[in-house]
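1. coordinates only, sequence not included:
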């Protein structure tokens, strides 16, 4: 499976449920998603040695994340999948961070946080992992100022980026257990900066 996430930095990976992480390429720059995503996909595929036709699907991180960066990864995943004639599966990007934490030995509730800029944070609250190792999201994703975060007594996992390898392995495990994927909608959680005016602008002499 090919996995792509641009909700924070840009990350691309090729993974397999049995073989694990085959290749992963990432760039932490949060502003150059469009410039690097094509190269990352090519490099990950080349390093993996996996033919495009052998991929099972394309996993796309649906956020939460800033509009400009997030749409690059989702568009890239959809375009690649269309050309490769593979299905696209969406996942909440925070679920990949939580999955990595539980896979690494964390147990119990967890609050995942990523930078939303403008002195705000994206958050998701997890109750734990189920019997299959899949994270159980109790609430969120949401958007809040640091002093307005819910679940303040829960252990926090702040992440500067989302690993496409974790996203891909989460997708493989979700698929293998017959669980539903996320809705095919980007999680922006914030209104766009530019909005249409209510009516035609009045012109005066």
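-> Sure, I can see it. Predicted model, so just to flag it, every value in this text is computed and none were measured. Numbers count the residues shown, from 1 in each chain.

2. which elements pack onto the top helix by length along the chain?
-> Taking DSSP state H as the criterion, the chain has its longest helix at helix 67-84. Contact partners of helix 67-84 among helices and strands, from 3 or more Cβ pairs under 8 Å, 6 or more residues apart in numbering; DSSP states H and E: strand 2-5, strand 10-16, helix 33-48, strand 58-61, strand 88-91. Any C-beta I mention is one placed from the backbone N, CA and C, and that applies to glycine too.

3. mind redoing it with 6 Å?
-> Where contact means 3 or more Cβ pairs under 6 Å, 6 or more residues apart in numbering; DSSP states H and E, helix 67-84 is packed against strand 2-5, helix 33-48, strand 58-61, strand 88-91.

4. give me the angle between the helix or strand that the last one is followed by and helix 67-84.
-> Read in the C-terminal direction, the helix or strand following strand 88-91 is helix 93-103, with elements assigned using DSSP states H and E. Relative orientation of helix 93-103 versus helix 67-84 (axes from the mean of the first three to the mean of the last three Cα atoms, to 10 degrees): 80 degrees.

5. now the angle from helix 93-103 to strand 10-16?
-> Using the same axes, to 10 degrees: helix 93-103 against strand 10-16 is 50 degrees.

6. of the helices and strands packed on helix 67-84, which is nearest residue 160?
-> Each of the helices and strands packed on helix 67-84 was scored for nearness to residue 160 using Cβ to Cβ, and the closest is strand 2-5 (12.7 Å).

7. mind checking the SS state of the residue nearest to residue 43 when sequence neighbours are not counted?
-> Nearest non-adjacent residue to residue 43, counting by Cβ to Cβ, 6 or more residues apart in numbering: residue 25, 4.8 Å away. Following DSSP: H, G, I helix; E, B strand; the rest coil, we place residue 25 in the strand state.
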